[in-house]
Structures are given as structure tokens and as C-alpha cells.
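In: The amino acid sequence is not available; the structure is as follows:
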């Protein structure tokens, strides 16, 4: 089939507003599962919609290659982020529109078109009349954007169903239209909340100002002490278990095209800031980081209110690299933060969620196959990259199934995931289908 | 009249929900003005309801003592704070209820009963048949709780109408039922907002974490650097103009009953914190202070969102003491905060409102008369105090009318101003009427 025909089919899926965070879209979630189920059935896969405690997932397999052949698990997700703020969209978020070389639609890059590149490749293979050279299992979930533990439970309870030799995930991006990337590592994460309290209720800043602990002041001082002036994280022992990079990795990071200019143009920032001893690419993937995602406390409406607030709050996460562990880092973080909190101020340190950092063996033959597939589709050898992001499912597969993942992204850095006017490049979609097809062909 | 009879009359005013911040209560504001107007007319005052660009005010005068006699301006306000959160009230906020020695109602202490103590005193004087020994002017506004500049405009445009020898304000509190206080100084204030921005929109913390300025981190570092480890404000030159205390003031502050225990019991705090070289009472009134009233930025809903937020914000005020000025301190604050902001992060430093610190000459004869009035009503000499709060109208009277104010509070520290279950002690109301009556009698 042509790319245009595949796009036409994909548009049907794009039009379903599969916003997993909003219960008003529950019917749309079922609708999308039904659509995927029919699609898989049409191309000859055994397919099932499987209930979880949350949104259902779709499992489909074609084991016709036989038990001696390699089994590939292809993971993806059909759910999307909310399209808010709606007024910033140029076209309707759930009515895919082609402008230039791009399709604009919520969820097109994250993850519907990237996932669909694999379905299209398999479809083309089926319609060609040739039998598939590998056994293929698809696992497509509906809660990637909202976290939760339903997928982890499902994987734990279905270890033999999901048994495979390798997992491929297309839910990331290349460096550019010309330069593919294979991620062989992902940062882990711990996501925490701090709650500080000084009083039972807000008190008057005129009467008590200068005599009591202001919890916002205390929280600000804690956050300020989480990093030193050189952007190094000050939590004692934080870097103890950080893996040393190999010479190859050092050279790759030094030569990486991910640099200052790319960050400035992608984010609109006027300056970069980070550990002075490390390159931008190293800071992005090979070094841990710490960010405050939200802070709140006291009065934030219009005008003035002269209170010393009773409490102050922040959401803080740390991205982890091998061989840091979520448990170890949370323990060090909590201990340090408690030490920084003055006597007389209450603090609650909460662990919201976490995932372990992942490092894949990039020298195994599956990676070499992915490399050759990219090279044939793009005409250029992919770069190997340590990704800054976290895909918790990779750690679940590793822990529960002892399964490695190859992250074969087909997106671009400026796709606007989670933002208004999310898009997917049509030529990248086409190259994605070609890469997926070439990857499967490696097993012939 | 008996205190019970005065209370009965006051209840009519208490029942009018004069919430100045909510336009739905505009009719109630007019209703309260009408009620005050009729009250003043009934006791023989010339009274008028005067329009402003906002809520109207009530002006009433009785100049029968004659041009050779002293003229006293009595200032008060009829507006109240919103009663939110409603569910924390034991009785209805606008249905005054007597429980024990207290009347519970929104606005009873702030400022209706304190103001009414003066109306009751004048009423008693009138019904006694004696002529008033002083000329009296009442100025009662309806925007004390919302700020704004309508009152200042009115004062500026009505300088001869408001001409007086002294102003008395009962909108503060005694130390206890037994120990009256006269405030002879008030802290000034500058109220500011900081807005920091790094990007046009939130960016992904996995991709960019470790490489960009997080505006919450920058804001926290700025706030942390506003004070040193000893709670001293670190803004260069901040203390340059702070007035030296006299030996008498030093002794009074050292002997002040306002101490650690009172702060702990009033606020529920577990510890006090402040400049180590100064007593609790000195920190409260004689030293400037700095507080963050609100902070916000990024994601604060349930769960996790892995963004580096585009912006971060805080509301910060400084309480000033003589001879600091609002303009001087804002200039120093802005300069310092800008210096702390790294290149590449945008900062907007806004001046929301301000008022100058005030110091009255406590050795003039009006203060001596107030001292004698309190002593006769309470059986105890009042303490002189530098108040930590700010009453901007005192600076307006000083600047526009060259008029000093005596702050003769009749409330108690635990009245719960701006909080649920605001109350006024009935015996304090009674002592307030006695003190006001005795003050007027000083001029016979």
C-alpha cells in the first residue's frame, strides 16, 4: 500500500479522542480498542481486547513463523494527552489535517503514527503474500499518559503470553529527517512531593512577620540547597552509583549534534545551564538531573493578601542514570531534605512514582539489525544515544520478562508532544514504515 | 444606655453583610451607610453619605463645642472580609450570636464593634443632656479590606472638611482583657510580585532536564538569598535607614509581655524564628520583616507531570520601620533581585502597593489623655507599643492633613480577624465604650 493509503487508514484512529485522563472519553477508549482489534484481524492476526482495572489494552499475535523463529514484541499506546489549551490549536485537535509535509492531530506522534508504522509494515508484508519471517506480538496499552500500575500487573500476570526475544518501541524521535537515532539507555525517575507546614492556618504577616518560620521561605531554602552554584545536585551521596562512561560513549557524546543551538531553538530558552564539566549531550542522557515541576502555597490570586501561609508544597523529580536506583536515591533525598528542615516546621516527603534507569546491550545482534534497518531506510547510519527521558515500561519488561527493548523512534524533536499543534512529519512516517519493514526483513 | 442596649443596636449593623470585595454585596454597602447615617442623625450629628468611585463612605460631624475647642476625627470602616471558609463557622457569619462573653460575627472586631464603641460613647453623652466638650468628626469608609485609592483621593479633595487636631482609630487590640495598649508606631509595607520566565511554554523534563534554567529553581534561589541563616534580610542597604530605638523603647521592648509563648499559642507554631539579637517584641514592631505570601508555578494538580515550567511567580512583601521609605526599599529590592537572576531568565519585578511607616509623638498631650482614659476604664496603665501591622490611612492623614493618629484598640489578639468565628469580647466592648467616654471627658 502507498503511504497515502496507510495515512487514510490511520486518520480513522486519529479521529478517536482517546484522552486517558478524562473519564468522559471512556467510550472512545473502547472504540479505539475495537478499531485496533478489527485492524489486526483484517491482516490475519489473532487479536483480543483485554480488560484491566483501568482502560483496556489490545493484544494481537501472529506466531506463524514457528517456534524456532525469533519472537518480537511490539509495544505502543493508543491513549493521548488532553489537547488543552484548545485555543492554541490551528486546526481541530481530533480532526487530522495535512499542512505541508505534516499531519496535525493530538496523539499523531505520541504515539499513534509511530505505532501504526509497525502495523502498516506488517500489513504490507501480509498483502505481499509472503509469510512473516518472525513471530510478532503487539501489546498496545491505553494508560501510558496517566501512569498507574495496571500495565505492570498485566505484564506480571501474563509472562508466558508476552514471552519474546526482543521488544521494539517506537515512541521517541530521530535527531532530524536525515539522522536516525537508536536509544540504548533511558534515565529512570523518582517523582516526589514535599509538604511543609508551620501553622494550623494562615497567620497575619504584620503581627508575626519576623518571628516565625514562613513555610514558603523554608521550602525555597530547601530547593536552593538541592543544587550548588554549578548546577550539581547537592544531595550527599547522590552521584555515588553513577556509571562511568566508556571511551566510545565519551567520544559519541562529544561528537553529538545535540547541542546548545538545538536546545535554544526547541525550547525558546535564551541560555543553557548545566554542569560545566559535561557536554550538553552528556547532561541530557548520561547525567542525572533534578527538577521542580510545580510549587504552590499561600495566596496567588489578584492583588495583595498579607498572610504568612500555613503551608507550602512542591513536586520534585530526579532523573536517574545507571546504576542509581529509585529506592537508594529517594532515601538519600528524604534524609537530606529532612536535615534541611528547621526544628519546628513539619515536613512530609512523599514518593509518588518511580522507574529504574535502563541500559541495553547495544552490541547484541538485535541492535545491529535495527542499525541496518535504519541505514537502509534513511541512507544514513543511526547514532546511538542515551535518552534523557524515562519509559517505565522498559524497566517492567526487563524486570518481569527479562526482555530488552530497542527504542526505534520515528518522530522529530519538534513534534510538540503534549503541546498544541502536535504533528508528525509524513516523510518520517514513510521512513518509519520502511525502517520497520527492513527490520523484519533482517530475520528472513 | 446599658451595654446590652448598645449591643442590641450594634447587632443591626452586624447583620448587614458588608463584604467590600464582592460586587453582589453592593446593596448591603449602601444599606450599612444608610443605617449609620440614620444612627448619627438620631444622636444629633450632621451626617452625609458620600459617593466615591467605589463604595460610599459616611461622614458625620457635631461641631457644637465651638471653634475654640479641640476637634477629634474618629476613623473607622464598615466593610468586612469575606467569611470564607463558611463550613468552619460554628454559627452563621452574619447572624451575631452570643456565646459566653463573646459575640461571634464576621466583622464584629474588625471593625464594627470597635467603631461602635465611639458611637455609643457619643450617644450616651448626648442622652445625658450634657453638651460634647469637643468637636467630633466621624469618617467611616467601606474599602478598608480591599485597599484601592478612593479613600486617599477623598482625603486629598476634602482637606478642610476633615481638618482636626487629632485622629483616633479603634481598629487594633489590647494585649489582654486586663492590659490595654496604645500603638504609637506602625510598620510600613511594600508589596511586590516577581514573575520569572525561561521559555514560551512548559518543556519536557526528560529531554531538557539538566540543561536549562528551571524558573522555579531560580525563584527558590532568589528567595533563599533574601535572608541569611540568621533571618537577617540580605538586600544590600536594607537596614541603612532603620531608626535607632531610645533607651525607654529598649527597656519597654525588653519588658514587653509579647513573647515566645504568646506567639506559639496564638499561631499554633512549634517554634519562633527571627533575628537572634532582638527580642520577640522588637522583631514584631521595631524591626523590618520580609515574607513570601504566595508562590506558584508549574503543575500543582494531583499526580505527576514531568515538565520544566515556563514560569514561576511569587508575592513578597516587606514591612518597613522608620525611617525606611517604600520607594527606597523597592529600589534596593528590585536591584538585588535582578542581580540574582541569571542571564537568560526573564524577570518582572512589580510594585503592587505600599505605605510608609509611621511614628507618632507619644509625648504629646493627646497621648497622655488616651493613657488616662484607658487607665480609668481598665484600672491599669496602658503599655506603649510599636505595632507590627500597617494601617495605610495613618500615613495618608499624616501626609495629606498633617494629622497624627492615636491607635486605641479595643480588640483582643485572639479575635480571629479575617478568620472563621471572628468574635468580640463583650467586656472589651464595654471597656471600649468606657475608654472612649473617658477620653472625651479629658477635654471637659
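Out: Here it is on my side, so go on. Remember, predicted model here, so these are calculated numbers, not experimental data.
In: When you work out contacts or count neighbours from here on, use the C-alpha atoms and nothing else.
Out: Will do.
In: residue nearest the centroid of chain A?
Out: For chain A, residue A:391 is the residue whose C-alpha lies nearest the centre (Cα atoms, centre = their mean; 4.6 Å).
In: Next one: it from residue A:22, what distance?
Out: 22 Å (Cα to Cα, to the nearest Å).
In: again with residue A:14
Out: Counting by Cα to Cα, the separation of residue A:14 from residue A:22 is 17 Å.
In: Please say which of these two ends up with more neighbours.
Out: residue A:14 (25 against 11; other Cα atoms under 10 Å in any protein chain shown).
In: hey, where'd the helices end up in chain A?
Out: Under the criterion DSSP state H, chain A carries helices at the ranges A:3-14, A:26-42, A:113-127, A:150-157, A:205-208, A:215-224, A:247-255, A:260-267, A:280-285, A:326-340, A:365-378, A:392-401, A:426-441.
In: winner for burial among those?
Out: Mean neighbour counts were taken over the helices of chain A using mean count of other Cα atoms under 10 Å in any protein chain shown, and the top value, a mean of 26, falls to helix A:280-285.
In: starting at the chain centroid, how far to that one?
Out: 17 Å (Cα atoms, centre = their mean, to the nearest Å).
In: Check which helices and strands it is in contact with.
Out: In this structure, helix A:280-285 makes packing contacts with helix A:247-255, strand A:383-387, helix B:205-208, judged by 3 or more Cα pairs under 8 Å, 6 or more residues apart in numbering or on different chains; DSSP states H and E.
In: change it to 10 Å
Out: strand A:181-186, helix A:247-255, helix A:260-267, strand A:311-320, strand A:383-387, helix B:205-208 (3 or more Cα pairs under 10 Å, 6 or more residues apart in numbering or on different chains; DSSP states H and E).
In: Tell me the residues of the stretch 1-150 of chain A that contact chain B?
Out: Counting by Cα under 10 Å from any Cα of the partner chain, the positions of the stretch 1-150 of chain A adjacent to chain B are A:145, A:146, A:147, A:148.
In: And the residue lying closest to residue A:52 once chain neighbours are set aside, how far from residue A:55?
Out: Nearest in space to residue A:52, with sequence neighbours left out and distances taken as Cα to Cα, 6 or more residues apart in numbering or on different chains, is residue A:150 at 6.3 Å. In this structure, residue A:150 and residue A:55 are 9 Å apart, going by Cα to Cα.
In: ditto for residue A:406
Out: As judged by Cα to Cα, residue A:406 and residue A:55 stand 25 Å apart.
In: any low-confidence regions in chain A?
Out: Applying pLDDT under 70 to chain A flags no residue at all.
In: Now do the residue nearest to residue A:52 against chain B, distance only.
Out: Summarising the geometry, the distance separating residue A:150 from chain B, computed by Cα to the nearest Cα, to the nearest Å, is 16 Å.
In: Report the contact partners of that residue.
Out: For residue A:150, the contacting residues are A:51, A:52, A:53, A:54, A:55, A:56, A:141, A:142, A:143, A:156, taking Cα atoms under 10 Å, 6 or more residues apart in numbering or on different chains as the criterion.
In: that older thread, looking at the helices of chain A, which is nearest to residue A:76?
Out: Smallest distance to residue A:76 across those (Cα to Cα): 5.6 Å, for helix A:113-127.
In: Compute the inter-axis angle for that closest one and helix A:26-42.
Out: Helix A:113-127 runs at 30 degrees relative to helix A:26-42, counting by axes from the mean of the first three to the mean of the last three Cα atoms, to 10 degrees.
In: What are the structural domain limits within chain A?
Out: Each domain of chain A is listed here as a residue range: A:3-186+A:358-441, A:188-242+A:288-355, per automatic domain parsing.
In: What about the closest residue in space to residue A:343 that isn't next to it in sequence, how many residues nearby?
Out: What sits nearest to residue A:343 in space, not counting adjacent residues and going by Cα to Cα, 6+ apart, is residue B:271, at 7.4 Å. By the other Cα under 10 Å criterion, the neighbourhood of residue B:271 contains 17 residues.
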